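J.: Okay, here's the prediction I keep looking at, along with the sequence it came from:
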Amino acid sequence: MKKKRLIITFIIAIIVVFSLAILKYTQDSKNEYIKLHERILLKEARTLYSNMINVRSWAALHGGVYIKDNGTLKPNPYLANNVEYTKNNELLIRVNPAWMTRLVSEISNKKEKYYFKITSLTPINPHNAPDKFEKEALTYLINHKDENFYTKFTKDKYNFMGKLRVEKACLQCHVNQGLKVNDVIGGLRVTLPTNTYERSIELIDSKTDNIYFIIIFTALSFITLIVFTINSIYKKNKDIRILNSTLERKVKRRTKELRDLNKKLSKTAVTDYLTKIPNRRYFFEVGEKAFALAKREKSSFCIVCFDVDFFKNINDRYGHHAGDVALKRIASILNTHTRNSDILARTGGEEFSVVLNNTNTDGALKFAEKIRDAVQKTNITYNKAIIKVTVSAGVACLKENDSFQSMLNRADSALYMAKENGRNVVICT
């Protein structure tokens, strides 16, 4: 018992360690996958940030741009020189970098759900005042001078804030704020939709959960199976030792009987020339032996006789060769459904018989019904004609006072009754 416990403990420990290693590897892979997608979002945000910074720098370098009034924009009251007029008295509205960023953001938000905003803790224009995230990000960037950007996930969004430093051109608008070139004036916010990111994370969560379940279920199954197997082996070991001597004697006796039977069979022609299955002589010689063995061992034993329905009509209508084709097909069906321990033979012109060893009445009826159904569903093609064939069957199972011949007689009687009852049926006596 001590050795058994040691073996079980050792195997369980190996399975647990191996399972934990796989779980850790799966979790690490999941984390790497999530980090990869976060890096993709960050890279996209930084690219958009850089592009927008370049646009802002260009606009700041040129002191903003003037655009023709189309009725959709109103002059910015917080800008000096916010309007100009052409020679033709057309109104031109000055757009500074922050306003340009807001206009681009509105277009991007409509088309691609991207959002841009230039903001500051001390904005000139109230439109550029920071919201909660922007205040948080700007405060962080001011307090962490070595950091150039700040990111945060919110519902359905990935928020990015990058520093905005004062350029010489910026001082045109911010001259009264006491700023110097390269000071942090505020930040440029880039917000990306996270639909694709969230779908990817949901997918990896679902798949890792499935993997966790499979690993744990497999480990528990292996542990249960191994413990059960080891316990069964130790439990049955004693019974095996007790039965060993008895089994050896039985094996020797049965081996001698089978050897003698094989020697006799080797001298006898036992194959039917047409169907290539055993013939009537084989059936009676081996059947008698099997019957005697079943009587001695008190095991179940049944005989099933099959007869092809209206076989003469097939020969008369299609010719004897067609009848031969039908017999071969039926023999093939029988051969497919019989076991190695059963005895199958062609015992007459259109009659086949089967000895079912270690089979009770219910099993014999099921076997006969299976054969009947298989034959009925078979289409035999001969010279482009479809021949439908059925069989009737009689079943007899071993009774106390039976002989092999009496069983065969009862099976024949049952077969006759099947013929009388309309054919294509199975009758048991």
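T.: Great, that's in hand.
J.: how many other residues sit next to residue 219?
T.: 18 (other Cβ atoms under 10 Å). Yep, even glycine has a C-beta here, placed from its N, CA and C like the rest.
J.: Please export the alpha-carbon coordinates of stretch 341-358; PDB is fine.
T.: Output of stretch 341-358 as PDB, limited to C-alpha atoms (Å, rounded to 0.1, in the frame of the first residue of the first chain):
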ATOM      1  CA  SER A 341     -16.100 -17.000 -33.100                       C
ATOM      2  CA  ASP A 342     -19.300 -17.600 -35.200                       C
ATOM      3  CA  ILE A 343     -19.700 -20.400 -37.800                       C
ATOM      4  CA  LEU A 344     -21.000 -19.300 -41.200                       C
ATOM      5  CA  ALA A 345     -21.700 -21.700 -44.000                       C
ATOM      6  CA  ARG A 346     -23.700 -22.200 -47.200                       C
ATOM      7  CA  THR A 347     -25.700 -25.300 -46.300                       C
ATOM      8  CA  GLY A 348     -28.000 -25.500 -49.400                       C
ATOM      9  CA  GLY A 349     -28.600 -24.100 -52.800                       C
ATOM     10  CA  GLU A 350     -30.100 -20.800 -51.500                       C
ATOM     11  CA  GLU A 351     -29.800 -21.600 -47.800                       C
ATOM     12  CA  PHE A 352     -27.200 -20.300 -45.300                       C
ATOM     13  CA  SER A 353     -26.700 -21.200 -41.700                       C
ATOM     14  CA  VAL A 354     -24.900 -19.500 -38.800                       C
ATOM     15  CA  VAL A 355     -23.900 -20.800 -35.400                       C
ATOM     16  CA  LEU A 356     -23.700 -18.000 -32.900                       C
ATOM     17  CA  ASN A 357     -21.500 -18.900 -29.900                       C
ATOM     18  CA  ASN A 358     -22.000 -17.200 -26.500                       C
END
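J.: can you list contacts of that stretch?
T.: 272, 274-275, 277-280, 282-283, 286-287, 290-291, 294, 299-308, 311, 323, 327, 330-331, 334-335, 338, 363-364, 367, 408, 411 (Cβ atoms under 8 Å, 6 or more residues apart in numbering).
J.: name the element residue 93 belongs to?
T.: According to DSSP states H and E, residue 93 maps onto strand 91-95.
J.: Can you give the distance from that strand to the centre of its chain?
T.: Here the centre of strand 91-95 is set off from its chain's centre by 64 Å, with Cα atoms, centre = their mean, to the nearest Å.
J.: For that strand, C-alpha coordinates in PDB please.
T.: As requested, the backbone C-alpha atoms of strand 91-95 are provided in PDB (Å, rounded to 0.1, in the frame of the first residue of the first chain):
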ATOM      1  CA  LEU A  91     -14.100  88.300 -45.900                       C
ATOM      2  CA  LEU A  92     -11.100  86.100 -44.900                       C
ATOM      3  CA  ILE A  93     -11.100  84.500 -41.500                       C
ATOM      4  CA  ARG A  94      -7.900  83.800 -39.600                       C
ATOM      5  CA  VAL A  95      -7.500  80.200 -38.400                       C
END
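J.: Show me what that strand is in contact with.
T.: 59, 64-69, 73-76, 79, 81-86, 103.
J.: Out of these, which sit inside helices?
T.: The helices, defined by DSSP state H, take in 59, 103 from the contacts of strand 91-95.
J.: Please narrow the contacts of strand 91-95 to those residing in strands.
T.: 65, 66, 67, 68, 83, 84, 85 (DSSP state E).
J.: ranges for the strands of the stretch 151-300 of the chain?
T.: Per DSSP state E, counting those that start in this stretch, the stretch 151-300 of the chain carries strands over the ranges 157-165, 184-193.
J.: Those strands into JSON lines, with extra columns for mean neighbour count and distance to residue 92?
T.: Output for the strands of the stretch 151-300 of the chain, formatted as JSON lines (neighbours: other Cβ atoms under 10 Å; distance: least, Cβ to Cβ, whole Å):
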{"stretch": "strand 157-165", "mean neighbour count": "21", "distance to residue 92": "26"}
{"stretch": "strand 184-193", "mean neighbour count": "22", "distance to residue 92": "26"}
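J.: Comparing these, which yields the minimum mean pLDDT?
T.: Lowest mean pLDDT within the strands of the stretch 151-300 of the chain: strand 184-193, at a mean of 84.
J.: can I assume residue 123 sits in a strand?
T.: No: counting by DSSP: H, G, I helix; E, B strand; the rest coil, residue 123 is not part of a strand but coil.
J.: Ignoring the adjacent residues along the chain, who's closest to it?
T.: residue 129 (5.4 Å; Cβ to Cβ, 6 or more residues apart in numbering).
J.: Over to the one you found: give its phi and psi.
T.: phi -60, psi 140 (degrees, to the nearest 10).
J.: Distance of it relative to residue 330?
T.: Distance of residue 129 to residue 330, computed by Cβ to Cβ, to the nearest Å: 94 Å.
J.: Chain neighbours aside, what residue packs nearest to residue 19?
T.: Nearest non-adjacent residue to residue 19, counting by Cβ to Cβ, 6+ apart: residue 219, 4.2 Å away.
J.: Export only the CA atoms of stretch 184-201, formatted as CSV.
T.: Taking C-alpha atoms only, stretch 184-201 is exported to CSV below (Å, rounded to 0.1, in the frame of the first residue of the first chain):
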residue,chain,number,x,y,z
VAL,A,184,5.5,73.2,-22.3
ILE,A,185,2.5,75.2,-23.4
GLY,A,186,0.0,72.4,-23.3
GLY,A,187,-0.7,69.2,-25.1
LEU,A,188,-2.2,67.6,-28.2
ARG,A,189,-4.8,65.0,-27.6
VAL,A,190,-5.4,62.1,-29.9
THR,A,191,-8.3,59.8,-29.2
LEU,A,192,-8.8,56.5,-31.1
PRO,A,193,-11.8,54.1,-31.2
THR,A,194,-11.1,50.8,-29.5
ASN,A,195,-13.7,48.6,-31.2
THR,A,196,-11.1,46.4,-33.0
TYR,A,197,-8.9,46.3,-29.9
GLU,A,198,-11.8,45.3,-27.7
ARG,A,199,-12.9,42.5,-30.1
SER,A,200,-9.3,41.2,-30.2
ILE,A,201,-9.1,41.2,-26.4
